[in-house]
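Visitor: Fold the stuff below for me.
(chains A and B)
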Amino acid sequence: KAGVTQTPRYLIKTRGQQVTLSCSPISGHRSVSWYQQTPGQGLQFLFEYFSETQRNKGNFPGRFSGRQFSNSRSEMNVSTLELGDSALYLCASSWGATPEDNSPLHFGNGTRLTVT
Amino acid sequence: DQQVKQNSPSLSVQEGRISILNCDYTNSMFDYFLWYKKYPAEGPTFLISISSIKDKNEDGRFTVFLNKSAKHLSLHIVPSQPGDSAVYFCAASAPIYNQGGKLIFGQGTELSVKP
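Guide: Numbers count the residues shown, from 1 in each chain, chains lettered A, B, ... in the order given. Here you go, the predicted structure:
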């Protein structure tokens, strides 16, 4: 069974640009979450999508947005990039069908974004 | 305000001995806890979880203990192997977050198992 796939693995952008990251969840998983990992802040929750609807959102500015498609694939977009956006962006998927469904998140290998 | 804390940034253990990684939390609403292992340049890999209705969960060499009154959980690895060398993250979730997509992570503990 294929795992969570994230593309691209590495990305270099300049300040002010925008970027789109892609995530394909494990087959059958309908919940997709995004996390940002930085050395100083650790793993921070960005948002979560289920059946094309955003169900949860972390404390990030509106420059960070996402969407989910009918096949559960998800994209994350960051507009007007800042130097502080340099981080590893991780996507995770799970069954996530109900509030009681504590199925663990399965992570992809991430996209390393560098903003110069 | 860090709701999940791993106070030891690093831990070094001899191969074959027990590794004990600790995690403290402050939010009494947390009801589900997980441990993840992360190698460099890879995403975190799920190891083991525990619901707040239990105080122990075991899976092979890995055992997680939960002490709700102390708001403390620990991961025991017995016996430790060099391949266990990685960063270990503790994570927690609460019903208020409604679904499994939002986890609160600790800062991680880097485990080094020496041959």
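Visitor: Give the closest residue to residue A:65 in space, chain neighbours not counted.
Guide: Spatial nearest neighbour of residue A:65, excluding adjacent residues (CB to CB, 6 or more residues apart in numbering or on different chains): residue A:77 at 5.0 Å. From N, CA and C alone the C-beta is placed, and that goes for glycine too.
Visitor: Contact partners for the one you found?
Guide: Contacts for residue A:77 (CB atoms under 8 Å, 6 or more residues apart in numbering or on different chains) come out as A:18, A:19, A:20, A:21, A:64, A:65, A:66, A:67.
Visitor: which one of those sits closest to chain B?
Guide: Distance to chain B across these (CB to the nearest CB) is lowest for residue A:66, with 11.6 Å.
Visitor: The closest one reaches residue A:49, doesn't it?
Guide: Yes: between residue A:66 and residue A:49 there is a contact under CB atoms under 8 Å: 6.4 Å.
Visitor: any shared contact partners between these two?
Guide: What both residue A:66 and residue A:49 touch, as defined by CB under 8 Å, 6+ apart, is the set residue A:74.
Visitor: Is there contact, residue-wise, from stretch B:76-90 to chain A?
Guide: Yes: if you take CB under 8 Å from any CB of the partner chain as the test, stretch B:76-90 does meet chain A, through residue B:89.
Visitor: Can you list the neighbours in contact with that stretch?
Guide: Residues contacting stretch B:76-90 (CB under 8 Å, 6+ apart): A:42-43, B:4, B:6, B:13-21, B:23, B:33-39, B:44, B:47, B:61-65, B:73, B:75, B:105-106, B:108-115.
Visitor: three-state assignment of the residue nearest to residue A:65?
Guide: The assignment at residue A:77 comes out as strand when based on DSSP: H, G, I helix; E, B strand; the rest coil.
Visitor: Return the residues of chain B in contact with chain A.
Guide: Residues of chain B lying close to chain A (CB under 8 Å from any CB) are B:32, B:34, B:36, B:41-46, B:49, B:51, B:89, B:91, B:93, B:95, B:97-108.
Visitor: circling back to that earlier point, quick check: pLDDT value at the residue nearest to residue A:65.
Guide: Looking at residue A:77, its pLDDT is 98.
Visitor: Please name the bridge partners of it.
Guide: Residue A:77 has the following beta-bridge partners by DSSP bridges: residue A:20, residue A:65.
Visitor: where in chain A is pLDDT low?
Guide: For chain A, applying pLDDT under 70 flags the ranges A:1, A:96-102.
Visitor: near chain B, which residues of it show up?
Guide: A:4, A:6, A:31-33, A:35, A:42-45, A:48-50, A:55-56, A:58, A:90, A:92, A:94-96, A:98-99, A:101-110.
Visitor: Would you list the buried entries among those residues?
Guide: Neighbour-count burial (16 or more other CB atoms under 10 Å in any protein chain shown) applied to the residues of chain A next to chain B gives A:4, A:6, A:31-33, A:35, A:42-45, A:48-50, A:55-56, A:90, A:92, A:94-96, A:102-110.
Visitor: All the strands of chain B, residue numbers only.
Guide: Using DSSP state E, the strands found in chain B span residues B:4-5, B:10-14, B:19-25, B:32-38, B:45-51, B:56-59, B:62-67, B:72-77, B:86-93, B:104-105, B:109-114.
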